[in-house]
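Novice: got a predicted structure plus its sequence, pasted below:
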Amino acid sequence: MDLSIKQGVKLLATGSAVPNLSISNDLISTFVDTSDAWIYSRTGIKERRVVSGSSSLIDIAALASDRAMHKIQMDPKDIDLIILATSTPNDLFGSASQLQAKISADNAVAFDITAACSGFIVAMVTASQFIQNGTFSNVLVVGADILSKWTDWSDRRTCVLFGDGAGAVILQSSSVINNSVLGFKLNTDGKKYDQLNIHYDMVDSWRNSIHNGLYGRFNTITMNGKEVYKFAVSRVPESIQFCLNSLNLSVAQVDWLLLHQANARILKAVASRLMIPLDKVISNLAKYGNTSAASIPLALDEAIEDSLISQGDLIVMSGFGAGLTWGTVVLKWQS
């Protein structure tokens, strides 16, 4: 199957936002049995940002979006479509419409995509398809999650991993076919959904719920770390290699590898399997931890802001996580 993009899809701008409150490893070690050395050696994380007070998912998603639009002086009313990739919406029915209102993108269609840590990649591919078939010209793709609200802060296996953040990109149709977004690959293995999830606990029956006023509730994040690690380090390199092959590109041509910021060990293992040097791996994991759908656009924006990425660089982005889902997008940076 040819998974290349048949019409130019140009990445115009990026933006990102994180909450102000920083939670260090030392602070976590005051309420669970752990230490900065233990956390960092096993995850590569030193701190993470979490929302506080009345701050919400939409606040940081809107800030990331505004920053992306400001870079190219785009009027929000010129946006045709907003795709919000999140697993932690303000409203269970979806939050993209709230984001549309918050940034005054009055002419945009808006909807959510839920694919956890693969969400941004899935949203990028979805946006590219809409642009490719001529439905929309300007698409805002946002990855944002507030995992702190779904974390069991007494569980040292998971509470050390997650943080909150948002990242945004603006995609636009282009007459040049071989432009920014070159190709993609998406996969799902639903048989292993229970290796990483937030389970919904149901009441015994609807009669019980009426009688007791209880309708069930979502639990906190649960994860089988060993299985997720094995899944990531085997499936992600396969996805990347398949995608590169479909575009007649070699691993040697990759300038930057940008993976979902889950764990430093996973980043190193994937790079090693592909024989990509670690100095080509983009990572801000130490500062933010695992921000789910936000991690890739957040790291991409920072790399661009730091002038790490140059004109014409080939960037391979891969997300992986709950579902289990994984996917790759190949991008050529054209500023």
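Specialist: Received the coordinates, thanks. Numbering: from 1, shown residues only.

Novice: from now on I want contacts and neighbour counts done on CA atoms only, so please keep to that.
Specialist: Noted.

Novice: state the mean pLDDT of stretch 53-70.
Specialist: What stretch 53-70 shows for mean pLDDT is 95.

Novice: what does it contact?
Specialist: 13-19, 75-76, 88-90, 95, 98-99, 102-103, 140, 142-146, 165-170 (Cα atoms under 8 Å, 6 or more residues apart in numbering).

Novice: in that stretch, what's buried?
Specialist: Applying a neighbour-count criterion of 16 or more other Cα atoms under 10 Å, one finds 57-69 buried in stretch 53-70.

Novice: which of the residues you listed sit farthest apart?
Specialist: Leu57 and Met69 (18.4 Å; Cα to Cα).

Novice: thinking again about what came up before, just the buried ones out of the contacts of stretch 53-70, please.
Specialist: 13-19, 76, 88-90, 95, 98-99, 102-103, 140, 142-146, 165-170.

Novice: what secondary structure does the residue most central in space within the chain sit in?
Specialist: In the chain, the centroid-proximal residue (Cα atoms, centre = their mean) is Ala293; its distance is 2.2 Å. The three-state label given to Ala293 by DSSP: H, G, I helix; E, B strand; the rest coil is helix.

Novice: what sits against it?
Specialist: By Cα under 8 Å, 6+ apart, the contact set of Ala293 is 85-87, 115-120, 143-145, 166.

Novice: name the SS class of Cys159, please.
Specialist: Following three-state DSSP, the label given to Cys159 is coil.

Novice: can you give me phi and psi for the nearest residue to it once chain neighbours are set aside?
Specialist: Distances taken as Cα to Cα, 6 or more residues apart in numbering place Trp153 nearest to Cys159, at 5.1 Å, with adjacent residues excluded. When read as degrees, to the nearest 10, the backbone of Trp153 gives phi -80, psi 0.

Novice: Trp153: how many residues sit nearby?
Specialist: Residue neighbour count, defined by other Cα atoms under 10 Å, stands at 16 for Trp153.

Novice: please report how far it lies from Ser307.
Specialist: According to Cα to Cα, to the nearest Å, Trp153 and Ser307 sit 36 Å apart.
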